[in-house]
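A.B. asks: could you look at this predicted model? Sequence included:
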Amino acid sequence: MTAANQAIGRPGGPKPSLKGHGSRGSILADRAATTVLWGTGALVLLILGSIILHFALAAWGVVSPSFLLSDPSGEALGGVLPILWNSIYMLALTMLIAVPIGILGGIYMAEYAGENVVTSAIRFAEESISSVPSIVVGLFGLILFVDDFHMGFTALGGALALTFFNLPLMTRLSEQALRAVPQDERSASLALGATKWQTIQHVVVPLAIPGLITGVILTAGRVFGEAAVLLFTAGVGTPPHYNFLNFDLTSPASPWSPFRSATTLSVYIWKLNSEGLGAFKNQIVDGSAAILISMVLIFNLGARLIGRVLTRRLTAA
Amino acid sequence: MSTGEEMPTTATYPEPVLRRVEVTTSSVAEETAVRSDEVKIAAEHVSISYGEKVAVRDVSLTVQDRSIMALIGPSGSGKSTLLRCFNRMNDLIPGASVQGKVRLDGENVTDPDVSVVELRRRVGMVFQRPNPFPMSIYENVAYGPRRRGMNEKRKLEELVETSLKRAALWDEVKDDLRRKSGLALSGGQQQRLCIARVLATDPEVILMDEPASALDPVSTLRIEELMRELREAYTIVIVTHNMQQAARVSDVTAFFTMAEDRAGYLVEVGPTGRIFTRPNERLTEDYISGRFG
């Protein structure tokens, strides 16, 4: 080797080994970065894991079919059926209002609106409302729906207040999901003689579904978890026994009616924990928390699943 | 497809230059190298600008029906911009404006009253990067017809089959039309799928914007073969940076370059054989012989 190397002016002698090449500092920095980044990821999992574990243990022996399916009781453990029902009901009602408006708003912002004063104002509003404390949004709902509109504490008022709270986020996330669809796909569709709306309907929205689902999940999480907004709008009382066969939507006694007060699990937990009495208070709180966590997990997984099916449907037929 | 002239196979392509047109002293013979006298597309004093910047200045040329015109020239000479003006894809770019007229069968397509949807059905486009939708092969081809309200299953199936056959892709994909995503195909197959997708909308003109620049040589030759076949029924305008490709496939070549102010303009246009052997302009000769661009 030496002869050849010297011929081109390269110093002879042993070549450095391939093992352990590179400066010591850069190797250390690389390892440190890997460790820190890995650690952050592990931390996220650890937090979720310990929350689940804590409430799974705390709720052990509390959550049972009868806990899920019976009414609250003053003396015994009772159950959380009407409150659980209200959580699901509020979620459905809010999503029914917020998701279509949010997606349509996102379509407008991503596909139609130009960059001008109006869109900057909309973006500014989106960001501002998203960072207004939820208790303030609740207060606004109280003044608007409960007082000004004389609606009293209603599920509808709560859902509308939650929509105020969530719409900016839903719109922004939808816009981002739609913008992430490559321009190539739009060009391909338009060049085939599809109209702009057909392109949005058949190419852009189907391809944006995973991102749109993320928006739905984050919005839903805020509905499940929100207590402050609902305290002032949907009410705090312990719900009465619900007759699920009463489908009269105008009757305040019907669990299907949006015109009744609707205490959700989050509000119930807050209420019991801060002012609740009774021997079973802690068990009920732990049980409710476990149910809430399970609902969030089930909803997230379900939403991803539905998203996948929807994508397949929309891009196939 | 029997065309009365030799369809060279992939393996035996002759040297690119001089493939079609005999070099004669008679310029009359050269000017009739294209077979139809019917003008399909006529650009009349077309200038295109993006905001302040002029991209194309005062281009006039005609494309004969059922012929292939190649637009060649260095990057920035405005060939793609001109191409995109034929199906009004430039409309999508904010600030783009077109002066002059582009006639399709005599009708000015830059007229604001023209329906771009109808125009794009008649003037299809194949892009540089193969861009099938992330849908099944079948749905990719059925996309255009469906958007025009064709929902009858039998008709659609027939159309998908004939389109894929014309794009020389049928045999390779017929067994998993509905199962396989368009994206699961190879690059060359994807581009033929994109061509099939255009054919399904029954266009008269097909615009191709460097359709083979992202493909390997074998796939490139297949696309070129396909273009020669399609020429029997369609008018094709292709932008290419590959001069052998222009020489191999086109009947007429238009050479563009940039002026000092960076605006693209047309240097000369003529039968491909003449452009590649005896161009009138020094600029063309420099470009095709590799001295410039």
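C.D. replies: Cool, the structure landed.

A.B. asks: leaving out the residues flanking it, which one is nearest to the residue in the stretch 51-200 of chain B that chain A sits nearest to?
C.D. replies: Chain A sits closest to B:Arg121 of the stretch 51-200 of chain B, with a gap of 3.7 Å, by CB to the nearest CB. Any C-beta I mention is one placed from the backbone N, CA and C, and that applies to glycine too. Distances taken as CB to CB, 6 or more residues apart in numbering or on different chains place A:Gly193 nearest to B:Arg121, at 3.7 Å, with adjacent residues excluded.

A.B. asks: can you pull the contacts of the most centrally placed residue in chain A?
C.D. replies: For chain A, the residue nearest the mean C-alpha position is A:Leu218 (1.8 Å; CA atoms, centre = their mean). For A:Leu218, the contacting residues are A:Leu169, A:Leu173, by CB atoms under 8 Å, 6 or more residues apart in numbering or on different chains.

A.B. asks: now swap in B:Met150 and tell me
C.D. replies: Going by CB under 8 Å, 6+ apart, B:Met150 touches B:Leu156, B:Leu159.

A.B. asks: roughly how far does it sit from B:Leu61?
C.D. replies: Separation of B:Met150 from B:Leu61 (CB to CB, to the nearest Å): 35 Å.

A.B. asks: same thing with A:Asn166?
C.D. replies: A:Asn166 is 56 Å from B:Leu61, where distance means CB to CB.

A.B. asks: cool, and A:Leu142?
C.D. replies: Per CB to CB, A:Leu142 is found 71 Å from B:Leu61.

A.B. asks: kindly report the same for B:Ala259.
C.D. replies: For B:Ala259 relative to B:Leu61 (CB to CB), the value is 17 Å.

A.B. asks: so these two - more neighbours on which side?
C.D. replies: Taking other CB atoms under 10 Å in any protein chain shown, B:Ala259 and B:Leu61 do not tie; B:Leu61 has more neighbours (18 against 12).

A.B. asks: surely that one is in a strand?
C.D. replies: Yes - using DSSP: H, G, I helix; E, B strand; the rest coil, the assignment for B:Leu61 is a strand.

A.B. asks: give me the local confidence score for it.
C.D. replies: We have a pLDDT of 94 for B:Leu61.

A.B. asks: ditto for A:Ala7
C.D. replies: Predicted confidence (pLDDT) for A:Ala7: 54.

A.B. asks: for the stretch 151-293 of chain B, what lies in contact range of chain A?
C.D. replies: Applying CB under 8 Å from any CB of the partner chain, we find that the stretch 151-293 of chain B lies next to chain A at B:Arg178, B:Cys194, B:Arg197, B:Val198, B:Thr201.

A.B. asks: where does pLDDT dip in chain A?
C.D. replies: A:1-12, A:16, A:20-22, A:276, A:314-317 (pLDDT under 70).

A.B. asks: what's the single nearest residue of chain A relative to chain B in contact with, if anything?
C.D. replies: The nearest approach of chain A to chain B comes at A:Gly193, 3.7 Å away (CB to the nearest CB). By CB under 8 Å, 6+ apart, the contact list for A:Gly193 reads B:Val117, B:Glu118, B:Leu119, B:Arg120, B:Arg121, B:Gly144, B:Arg147, B:Arg148, B:Thr201.

A.B. asks: looking at the residues of the stretch 151-293 of chain B next to chain A, which are in helices?
C.D. replies: B:Cys194, B:Arg197, B:Val198 (DSSP state H).

A.B. asks: the last one: neighbouring residues, count only.
C.D. replies: When neighbours are counted by other CB under 10 Å, B:Val198 registers 29.

A.B. asks: so for it, what's the pLDDT?
C.D. replies: Note on B:Val198: pLDDT of 96.

A.B. asks: nearest spatial neighbour of it, skipping sequence neighbours?
C.D. replies: B:Gly124 (3.6 Å).

A.B. asks: by contact count, what packs against whichever strand or helix holds B:Gln191?
C.D. replies: For B:Gln191, the host element (DSSP states H and E) is helix B:187-199. Of the remaining helices and strands, those touching helix B:187-199 by 3 or more CB pairs under 8 Å, 6 or more residues apart in numbering or on different chains; DSSP states H and E are helix A:183-191, strand B:123-126, helix B:137-147, helix B:153-166, helix B:170-173, helix B:217-230.

A.B. asks: pull the number of nearby residues for A:Val132.
C.D. replies: Using other CB under 10 Å, A:Val132 has 13 other residues around it.

A.B. asks: go on, A:Ala262?
C.D. replies: Neighbour tally, A:Ala262, other CB under 10 Å: 29.

A.B. asks: distance check, it against A:Phe153.
C.D. replies: Using CB to CB, one gets 8 Å for the distance from A:Ala262 to A:Phe153.

A.B. asks: A:Gly102 now?
C.D. replies: On the measure of CB to CB, A:Gly102 and A:Phe153 end up 25 Å apart.

A.B. asks: compare the two (neighbour count), which wins?
C.D. replies: Neighbour count, other CB under 10 Å: between A:Gly102 and A:Phe153, A:Gly102 has more, with 26 against 21.

A.B. asks: wait, the more buried one sits on A:Phe165?
C.D. replies: No - judged on CB atoms under 8 Å, A:Gly102 makes no contact with A:Phe165 at a distance of 11.8 Å.

A.B. asks: so what sits against both of A:Ala262 and A:Phe153?
C.D. replies: The contact sets of A:Ala262 and A:Phe153 overlap at A:Ala234, A:Gly235 (CB under 8 Å, 6+ apart).

A.B. asks: who touches A:Val216 in this structure?
C.D. replies: Applying CB under 8 Å, 6+ apart, the residues near A:Val216 are A:Met95, A:Val99, A:Met170, A:Ala303.

A.B. asks: most surrounded residue in the residues you listed?
C.D. replies: Most neighbours among the contacts of A:Val216, by other CB under 10 Å: A:Met170, with 27 neighbours.

A.B. asks: verify the stated contact: it with A:Gly221.
C.D. replies: No - judged on CB under 8 Å, A:Met170 makes no contact with A:Gly221 at a distance of 11.8 Å.

A.B. asks: quick one, helices of chain B?
C.D. replies: Using DSSP H, helices in chain B cover B:27-31, B:79-86, B:116-122, B:137-147, B:153-166, B:170-173, B:187-199, B:217-230, B:243-249, B:272-277, B:282-288.

A.B. asks: which one of those helices lies nearest to A:Leu28?
C.D. replies: A:Leu28 lies closest, by CB to CB, to one member of the helices of chain B: helix B:187-199, at 42.7 Å.
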